[in-house]
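*Asks:* structure here, sequence nowhere to be found:
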Ligand code: 5AD
Ligand code: SF4
């Protein structure tokens, strides 16, 4: 067996893909943790913002340096940057031997044979069918409690700012039977939580070619949640346009579907949402929030926000801040707009918000979210939650950490008697919140 080192950037989907491609290479390569011992180094890359690509290029030059002492090492770029930059990567002078896009992972063994014969190895063909449905991923995460299960690939929403439809191709849904058998396999291996993944999970729709029967996301969730009430189910990411009442009803029926919805809003201004081609406006979004609160009163809501998209005015920005307060998000991922080549915005709009203004708006958004997160956490003080224990706290070796259904991290002391041990990892415990910061709840076992 040869040694494979894989480093993953970007979204959860990429982390799931790294597990798929490790499985595909499994007959010849085993995954290791130290790149200096590797025969093959793969970087699974992200193109969503320029910053993500720059990080990868920097890291690539570090990896390339080890070829001086070990010229036999092979370096591959896979994922979104591979898809976007194609041959450019082979010709970059950065010692890249192999380039494979997100739909080309089955070809990796062949591509490596080409490299070993001294030939160019590149495949960036996108597929309309590939879902890797039959590949059982090799779990690379070090906690054996929670795992990702990819249920669909691609995106065809073409939001004006976003490179994903170009790097990951058309939307396609994996067949439900293969999803269910992967979840059952995880359960048998002792996993307690699965996160169903896709660029827009709630537009999941699979039609059986023989019977014509259709499974949508609500039905899939119903099936997955029914496998075992002790298995927690999460999902990411949802698009507001497809967040149906039917899904909320299924969630309310199954306590093991976690009370946390990630619903990227991007902007609070209907004018900006139209420019962004998001297919909903502020009122539609707020109506979906009302529906969540109605069906799932204890549901945490998180979001993604972009500051300083093309033509964004101060008024638009104020509407984003006002919407954040109105929703009272538990958590948010917040970004400065970064123009991506090939997108609608890069072709037809001007990236005209000055960098300093983008940064100032982003900081205002971050500061507001910080106070909203703190407020939300303070409301939890005195409440008791069922926690799935995930591990021993990195900051304090005498404490465990876990998550509640709302996806909030909670740290708590070990039980009064007995040493801290792996015994509690993967178990459900009742924990009462005593204190908090904006990022973490602090509790005690009850
Ligand atoms: N610039 C900044 N943020 C972006 N996102 C997507 N494209 C861009 C871009 N060009 C953000 C969106 C999306 C998240 C995954 O990344 O908020 O929801
Ligand atoms: Fe990008 Fe929009 Fe698709 Fe999300 S829904 S991946 S933001 S194009």
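*Replies:* That came in fine, so what should we check first? Bear in mind the structure is a predicted one, so any value in this text is a computation, not a measurement. Ligands and ions are numbered 1, 2, ... in the order given.

*Asks:* and the residue nearest the centre of the chain, what does it touch?
*Replies:* In the chain, the residue lying closest to the centroid (Cα atoms, centre = their mean) is residue 12, at 2.8 Å. Listed by Cβ atoms under 8 Å, 6 or more residues apart in numbering, the contact set of residue 12 reads 148, 195, 197, 236. C-beta here means a position set from N, CA and C on the backbone, and glycine is covered the same way.

*Asks:* mind telling me which residue of the protein is nearest ligand 1?
*Replies:* Using Cβ to the nearest ligand atom, residue 304 is the residue of the chain that sits closest to ligand 1, at 3.3 Å.

*Asks:* ok, the closest residue to residue 162 other than its chain neighbours - contacts?
*Replies:* Among residues not flanking residue 162 along the chain, residue 343 sits closest, at 6.3 Å (Cβ to Cβ, 6 or more residues apart in numbering). Neighbouring residues of residue 343 by Cβ under 8 Å, 6+ apart: 160, 161, 162, 163, 166.

*Asks:* number of nearby residues for the residue nearest to the last one when sequence neighbours are not counted?
*Replies:* Ranked by Cβ to Cβ, 6+ apart and with sequence neighbours excluded, the top spatial neighbour of residue 166 is residue 342, at 5.3 Å. When neighbours are counted by other Cβ atoms under 10 Å, residue 342 registers 13.

*Asks:* quick one: residue 342 and residue 164 touch, right?
*Replies:* No. Using Cβ atoms under 8 Å, residue 342 is not in contact with residue 164; the gap is 11.1 Å.

*Asks:* can you give me the helices in the stretch 251-400 of the chain?
*Replies:* 270-275, 282-295, 314-327, 344-348, 355-379 (DSSP state H, counting those that start in this stretch).

*Asks:* what angle separates the longest one from helix 314-327?
*Replies:* Taking axes from the mean of the first three to the mean of the last three Cα atoms, to 10 degrees, one finds helix 355-379 and helix 314-327 inclined to each other by 10 degrees.

*Asks:* quick one: helix 355-379 near ligand 1?
*Replies:* No. Applying Cβ under 6 Å from any ligand atom, one finds helix 355-379 out of contact with ligand 1, separated by at least 9.8 Å.

*Asks:* how much distance is there from that helix to the middle of the chain?
*Replies:* 21 Å (Cα atoms, centre = their mean, to the nearest Å).

*Asks:* quick check: buried residues in that helix?
*Replies:* Across helix 355-379, burial judged by 16 or more other Cβ atoms under 10 Å covers 357, 358, 361, 362, 365, 368, 369, 372, 373, 376, 377.

*Asks:* got the residues of the stretch 1-150 of the chain near ligand 1?
*Replies:* Neighbours of ligand 1 within the stretch 1-150 of the chain, by Cβ under 6 Å from any ligand atom: 48, 49.

*Asks:* just the strands from the stretch 101-250 of the chain, written as ranges.
*Replies:* Assigned by DSSP state E, counting those that start in this stretch, the strands in the stretch 101-250 of the chain fall at 121-123, 146-150, 152-153, 172-173, 193-197, 205-207, 214-216, 232-236.
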